[in-house]
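> Any chance you could fold what I've pasted below:
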Amino acid sequence: MSSGRWMNNPFRNSRLLFRKQLVWSYSERPSTRAAPLPIVASRVSVGELSLMTVLSDGLSSIAELVFLSLFVVVIPALAQAPESSEGQDQQSQQQQSTNEQTVKPPPSPLFPKHHRGMYKNPLGLPIIDATPQSPPLEVDDPSVPDKGEYELNLTTHADFSKELRTFDFLFVDANYGIVPKIFGHELPTQVKVEFPLAGAKKPDDPMRVGIGSAKFGLKVNFFNNRHKGVYVSLYPQIEFTVPSTEAVEKGLANPGQTLILPLLVQKDFRHITVVANGAVNKPIHDPKRDTTGTMDFGFGRPLTRHMAAMAEVRFTSTFDLKCERLLVVNFGLMRSLRDNMVLYANVGRSIFSDGGFRHTYVGVGVKFELTPKEQNQRRLEKTTYGQTP
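Residues are numbered from 1 along each chain as shown. Next up, the predicted model:
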């Protein structure tokens, strides 16, 4: 069909007219469609979506980093843990082995027990005991003879002054070692008995000779600390006149008795030994005499293996420091002759006395250590410090 005929076709024209009317009627009617959503609402929804996307991406990135760090750090650490534990075990084993190697037996006491008279050093060489002691001094040490051992001192002594001269021609000092048990504890103890064959002479008077005052005492060595070199003993004694000797009438002894209560303390140092005595002298049955106190300090050290020197300072006075005052300095020397024999001597001088007269003291004697044969053999076998025969 040609185009002219199509344009003039009444059917085509009616169709076009119907379309126009339909468009017009549609545009003129009120709209019944729902209003479109605001553009702003559409934008918020998109922003929230994008934020969630960003957060999820960030969290996934963080998770990846954490996983990577765990993989890089933790896994090698776990791999090294067994190695480090093995290394620590090896170190601990090495330390234990070194500790076992360095563990030593407890050391011997720094200050050994001094055997009276002679004892042996770690080399087995005999050494003289340089502790200040009586005799040759008046100060006494806390040590006592071993159980079953005898110690005998034979001394000749003189006190020279212008007013009175006194002599101990033979002063016998006998000691014996025992070990009694008191409340289950052993206490080394020395039993002491002494007496002199004495003499006294005043100017223009003849010499009077006889038995002087005798003494009996017990020296109880109740404290010993060889690691610190400290020893303490209590030494109660009673001085009395031997009956039927007329010692008081001859001026060789004091009337009545005298109770003597000394405390003996010893301290060992590296190059010297110090001894201190403090005593109370209480007269009994003699009202004319006053109670006095005595302080005595002694110092001693060996000069050679067989010779020792010692000195003391002794002060005696009543407790009010008004009567019976006497200050004396005394020096002593000891020389071993044999393992059980020691020769000793002393010389001293008074510094102050109430009588106004100076005193000069001179003495010489021999010390014997008498030990049973079996015990002496055991003692000789001990060749080190700190071992008690």
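> switch to C-alpha atoms for all contacts and neighbour counts from now on
Will do.
> Against residue 330, how distant is residue 323?
22 Å (Cα to Cα, to the nearest Å).
> Repeat that for residue 212.
For residue 212 relative to residue 330 (Cα to Cα), the value is 23 Å.
> Would you map the helices across this structure?
3-7, 10-28, 39-69, 75-102, 373-381 (DSSP state H).
> Neighbour count: residue 323 and residue 330, which is higher?
Counted by other Cα atoms under 10 Å, residue 323 and residue 330 do not tie: residue 330 has more neighbours, with 22 against 15.
> Any stretches of the protein with poor pLDDT?
The model of the chain has pLDDT under 70 over residues 1-117, 121-122, 373-389.
> if we go to 90?
1-128, 162-163, 182-185, 203-205, 226-227, 244-245, 270-271, 338-340, 354-357, 370-389 (pLDDT under 90).
> Could you break it into its assigned domains?
Here the domain parsing of the chain from automatic domain parsing is 38-103, 118-381.
> Go through the ones you listed and pick out the most buried.
domain 118-381 (a mean of 18; mean count of other Cα atoms under 10 Å).
> residues touching residue 311, list them.
132, 137, 298-300, 329-332 (Cα atoms under 8 Å, 6 or more residues apart in numbering).
> Export these as TSV, with columns for distance to residue 315.
What follows is the contacts of residue 311, written out as TSV (distance: Cα to Cα, whole Å):
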residue	distance to residue 315
132	16
137	13
298	12
299	15
300	18
329	9
330	11
331	15
332	17
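> Who does the residue lying closest to residue 297 once chain neighbours are set aside form a beta bridge with?
Computed as Cα to Cα, 6 or more residues apart in numbering, the closest residue to residue 297 that is not its neighbour in sequence is residue 276, at 4.5 Å. Taking DSSP bridges as the rule, residue 276 bridges to residue 265, residue 297.
> Does residue 276 touch residue 268 like I think?
No - checked against Cα atoms under 8 Å, the pair residue 276 and residue 268 is beyond contact range at 11.7 Å.
> List the contacts of residue 336.
Applying Cα under 8 Å, 6+ apart, the residues near residue 336 are 117-118, 128, 306-307, 342-343.
> ah, wrong one, I meant residue 298
Contact analysis of residue 298 by Cα under 8 Å, 6+ apart lists 132, 139, 274-276, 310-313.
> do that again at 10 Å, thanks
Contacts for residue 298 were tallied using Cα atoms under 10 Å, 6 or more residues apart in numbering; they are 131-133, 137-141, 266, 273-277, 310-314, 329-331.
> same deal with residue 223?
Here residue 223 is in contact with 142, 187-188, 230-234, 265 (criterion: Cα under 10 Å, 6+ apart).
> and of those, the nearest to residue 370?
Nearest to residue 370 among the contacts of residue 223, counting by Cα to Cα, is residue 188 at 17.2 Å.
> So the closest one sits against residue 178, correct?
Yes - between residue 188 and residue 178 there is a contact under Cα atoms under 10 Å: 6.1 Å.
> shared neighbours of those two, which are they?
Counting by Cα under 10 Å, 6+ apart, the residues touching both residue 188 and residue 178 are 144-147, 220.
> Distance to residue 358 added to the residues you listed, as JSON lines?
Putting those into JSON lines (distance: Cα to Cα, whole Å) gives the following:
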{"residue": "144", "distance to residue 358": "34"}
{"residue": "145", "distance to residue 358": "36"}
{"residue": "146", "distance to residue 358": "39"}
{"residue": "147", "distance to residue 358": "42"}
{"residue": "220", "distance to residue 358": "35"}
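> Now, those that are in strands?
residue 220 (DSSP state E).
> Between the shared contacts of residue 188 and residue 178, which sits nearest residue 281?
Of these, the one sitting nearest to residue 281 (Cα to Cα) turns out to be residue 220, at 18.2 Å.
> who touches the residue nearest to residue 297 in this structure?
132, 139-142, 232, 263-267, 295-299, 312-314.
> same check, this time on residue 363
Going by Cα under 10 Å, 6+ apart, residue 363 touches 135-137, 155-159, 167-169, 332, 344-348.
> Would you mind naming the residues that bridge with the nearest residue to it once chain neighbours are set aside?
Using Cα to Cα, 6+ apart and skipping residues adjacent in sequence, the residue nearest residue 363 is residue 157, 4.2 Å away. With DSSP bridges as the criterion, residue 157 is bridged to residue 168, residue 363.
> Go ahead and confirm residue 157 touches residue 165.
No - judged on Cα under 10 Å, residue 157 makes no contact with residue 165 at a distance of 11.0 Å.
> how about the nearest residue to residue 167, chain neighbours excluded?
Residue 167 sits nearest to residue 158 (Cα to Cα, 6+ apart), 4.4 Å away.
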